[in-house]
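Peer 1: task: produce atomic coordinates for the following.
(2 chains)
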Amino acid sequence: MNINKISKQFSSESGFNMSLINDLSFEIPEGKRTSFLAPFGSGKTTLLKIIAGLELASGGAINPPSGEISVYIPSAPVSLPWFNVTENFSLVSEDQGLKNEIIKLLELEGYEKHYPDNRSHGFRFLVALGMALLSGKKMILLDDSLNGLSDPMKLRIAMILDKIVELKKITVVYATSSLSDAVLFSDRVIAMKGNPLSVLKVIELPGIEKESETVSGSKSIDEAKKQIVDLYSSFDIGKVINLSF
Amino acid sequence: MLKNTMTRSEEKKFIAKFIFTLLFIYICLFEFIFSANRFLPKPTLLAESFISIWKDYDLLFALIVSISVVYISILIGYGFLYLLKGILCRVYFNLPLLISASKIFKYFPAFFYAVLFDYWFTGSYYAEFLFAFIAVLSLLVSVFMKEIGGAKEEYLHFAGCLRIPEKKIFSGIIWKSSLPSVHKTLKSLNYYLWVIILLFEFVADVEGMGKVYRQMLAYRDLSGLIAAGLIIAAIIYLSNKIIEYISSKIIHWENE
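Peer 2: Predicted structure coming up:
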């Protein structure tokens, strides 16, 4: 997907025109996991909503038109608490075979009649992810949707996402302000700064090995992390981004 | 800032103690000290009234009429809201000006509608049902309309991305997310509908508890008035408990 000179302006309360995104261009490779790493409040959500076709850009173009191919999962839980897993899935598709396949892929066997309640955000995310997969769209946009989950849960979801990307050839975009999440959930980090939102550097990450309890990094991963930390430190915006790992 | 730290069982015990204390004071004051007064009847007289009013005012029939009007109207009104939810959602999204314009009706007092219905359908039972049904439906529709606007944006955006059909969005997302408020309204409706039905029966002089009140007032039967009031209060309390129980089963996700 090509993001070509996207910009977004809005009027502030005082009447001035503010530029949140200005001539932003980059590529999102198909069938890969890409992270947008940017400070809090820099416009990541707006960018994702523009890509998803939920908000209009003030200028620029997205090719192919993204609303057709992408699903946006916000940071707030979006699976419906009044429906169980199967009922949530049935809202999107009636294909029982496909539903069973997704349940297996997401490791939700045995939880088909379980209700996603408000205490379990990880479970609610998995149900929303299942709905996104059932829609048949090829790109999933995650807006810091895993923020606040425990590390073991994040790791479990990262491993599930790996499987999905590999088997379903889905493109996953994860917007975050956390370096550790960006590295965990992607093959490629697009490091950005805010005011207006612009790309600092695109960093390719070598695959990291995820085991049941730990994330182990190779030497090249450590180098990539160091590169990102140095990058943000040089722009003096290390305080508005979580660089701990 | 003061904080209520009472547990539910402590609260129940406190309420029971409070009621028994009031009862004790009432018995002491009005049975022995002020036995002849025009504010409250003697407790023994009140106890006798609980038995005599059933015969004197044909209370069973009046209660059956009023209870039927109140609860059948609530049931049918809720059923209609369920059936109309799709149309109401479409009206909300396509004709917002109609919603704003219809708000003028809420400024007319219930008394005005009671008089108007009595004028149109003098002495008819159906008029009472129709009056109650319209009161229930208009209140439930106004609450539902408000809830359509309050449905979580993230649910609607997500459903839009997933290309979920409009019909499923109306029934699976908007209707379901409105249910806690609709059921909360049913509880307050249980009280307000009794008020307006009593008012209607009182004004229109049609069969029911409102007519019984009218007769009791004409006979200056203070103990009867209070006994009938206590019976209605008990019915409202019990039906509230039933509504709470049914709501907890339907809106199971709120209990988690």
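
Peer 1: okay, which residue is most central for the chain?
Peer 2: Since no chain was named, I'll use chain A. A:Y174 (2.0 Å; Cα atoms, centre = their mean).

Peer 1: please go with chain B instead
Peer 2: Residue closest to chain B centre, computed by Cα atoms, centre = their mean, is B:N190 at 1.6 Å.

Peer 1: surely that residue is in contact with B:S239?
Peer 2: Yes: counting by Cβ atoms under 8 Å, B:S239 is a contact partner of B:N190 at 5.6 Å. (C-beta placed from N, C-alpha, C; glycine too.)

Peer 1: show me what the helix or strand in which B:Q215 is found is in contact with.
Peer 2: Applying DSSP states H and E as the criterion places B:Q215 in helix B:209-218. The contact list for helix B:209-218 (Cβ atoms under 8 Å, 6 or more residues apart in numbering or on different chains) reads B:53, B:57, B:59, B:62-63, B:65-66, B:197-205, B:224-225, B:228, B:232.

Peer 1: swap in 10 Å and give it another go.
Peer 2: The list of residues contacting helix B:209-218 from outside it, by Cβ atoms under 10 Å, 6 or more residues apart in numbering or on different chains, reads B:49, B:53, B:56-59, B:61-63, B:65-67, B:69-70, B:114, B:128, B:194, B:196-205, B:208, B:221-229, B:231-232, B:235.

Peer 1: can you tell me how far the residue nearest to the centre of chain A sits from A:D144?
Peer 2: 8 Å (Cβ to Cβ, to the nearest Å).

Peer 1: any common contacting residues for those two?
Peer 2: With Cβ under 10 Å, 6+ apart as the test, A:Y174 and A:D144 both reach A:36, A:44, A:48, A:73, A:181.

Peer 1: which ones among the residues you listed lie within strands?
Peer 2: Residues of the shared contacts of A:Y174 and A:D144 located in strands (DSSP state E): A:36, A:73.

Peer 1: give me the spatial nearest neighbour of A:S7, chain neighbours excluded.
Peer 2: Distances taken as Cβ to Cβ, 6 or more residues apart in numbering or on different chains place A:G59 nearest to A:S7, at 4.4 Å, with adjacent residues excluded.

Peer 1: residues contacting the one you found?
Peer 2: A:4-9, A:21-23.

Peer 1: which phi and psi does it have?
Peer 2: phi -160, psi 170 (degrees, to the nearest 10).

Peer 1: let's see which of the contacts of A:G59 end up in strands.
Peer 2: Short answer: those in strands (DSSP E) are A:4-9, A:21-23.

Peer 1: neighbours of residue 89, how many?
Peer 2: You didn't pick a chain, so chain A it is. 26 (other Cβ atoms under 10 Å in any protein chain shown).

Peer 1: right idea, wrong chain: chain B
Peer 2: Neighbour tally, B:C89, other Cβ under 10 Å: 23.

Peer 1: now do the one 10 residues further on
Peer 2: Here the count is done by other Cβ under 10 Å, and B:I99 has 17 residues near it.

Peer 1: that one contacts B:V91, doesn't it?
Peer 2: Yes: if you go by Cβ atoms under 10 Å, B:I99 and B:V91 touch, sitting 7.0 Å apart.

Peer 1: list the residues that contact both of the two?
Peer 2: In contact with both B:I99 and B:V91: B:141, B:145, B:148, using Cβ under 10 Å, 6+ apart.

Peer 1: that older thread, adding pLDDT, write the shared contacts of A:Y174 and A:D144 out as JSON lines.
Peer 2: Below are the shared contacts of A:Y174 and A:D144 laid out as JSON lines (pLDDT from 0 to 100):
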{"residue": "A:F36", "pLDDT": "90"}
{"residue": "A:K44", "pLDDT": "88"}
{"residue": "A:L48", "pLDDT": "89"}
{"residue": "A:I73", "pLDDT": "92"}
{"residue": "A:D181", "pLDDT": "83"}
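
Peer 1: okay, the shared contacts of A:Y174 and A:D144 in a markdown table with distance to chain B and neighbour count next?
Peer 2: Output for these, formatted as a markdown table (distance: Cβ to the nearest Cβ, whole Å; neighbours: other Cβ atoms under 10 Å in any protein chain shown):
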| residue | distance to chain B | neighbour count |
| --- | --- | --- |
| A:F36 | 18 | 29 |
| A:K44 | 16 | 23 |
| A:L48 | 11 | 24 |
| A:I73 | 7 | 27 |
| A:D181 | 20 | 23 |
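
Peer 1: can you tell me which of the shared contacts of A:Y174 and A:D144 is closest to B:Y82?
Peer 2: B:Y82 lies nearest to A:I73 out of the shared contacts of A:Y174 and A:D144, by Cβ to Cβ, at 30.5 Å.

Peer 1: wait, the closest one sits on A:L142?
Peer 2: Yes: here A:I73 reaches A:L142: they are 5.3 Å apart, a contact under Cβ under 10 Å.

Peer 1: show me whatever sits in contact with both of these two.
Peer 2: In contact with both A:I73 and A:L142: A:48, A:125, A:128-129, A:132, A:174, using Cβ under 10 Å, 6+ apart.

Peer 1: mind putting those into JSON lines with secondary structure?
Peer 2: Below are the shared contacts of A:I73 and A:L142 laid out as JSON lines (DSSP: H, G, I helix; E, B strand; the rest coil):
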{"residue": "A:L48", "secondary structure": "helix"}
{"residue": "A:F125", "secondary structure": "helix"}
{"residue": "A:A128", "secondary structure": "helix"}
{"residue": "A:L129", "secondary structure": "helix"}
{"residue": "A:A132", "secondary structure": "helix"}
{"residue": "A:Y174", "secondary structure": "strand"}
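
Peer 1: contacts only, for residue 227.
Peer 2: No chain specified, so I'll use chain A. A:189, A:191, A:201, A:203.

Peer 1: you looked at the wrong chain, it should be chain B
Peer 2: B:41, B:45-54, B:59, B:216, B:221.

Peer 1: how about low-confidence regions in the stretch 101-250 of chain B?
Peer 2: Scanning the stretch 101-250 of chain B with the threshold set as pLDDT under 70 gives B:123.

Peer 1: now do the helices in the stretch 151-256 of chain B.
Peer 2: Secondary structure of the stretch 151-256 of chain B (DSSP state H, counting those that start in this stretch): helices located at B:153-161, B:166-169, B:175-204, B:209-218, B:222-250.
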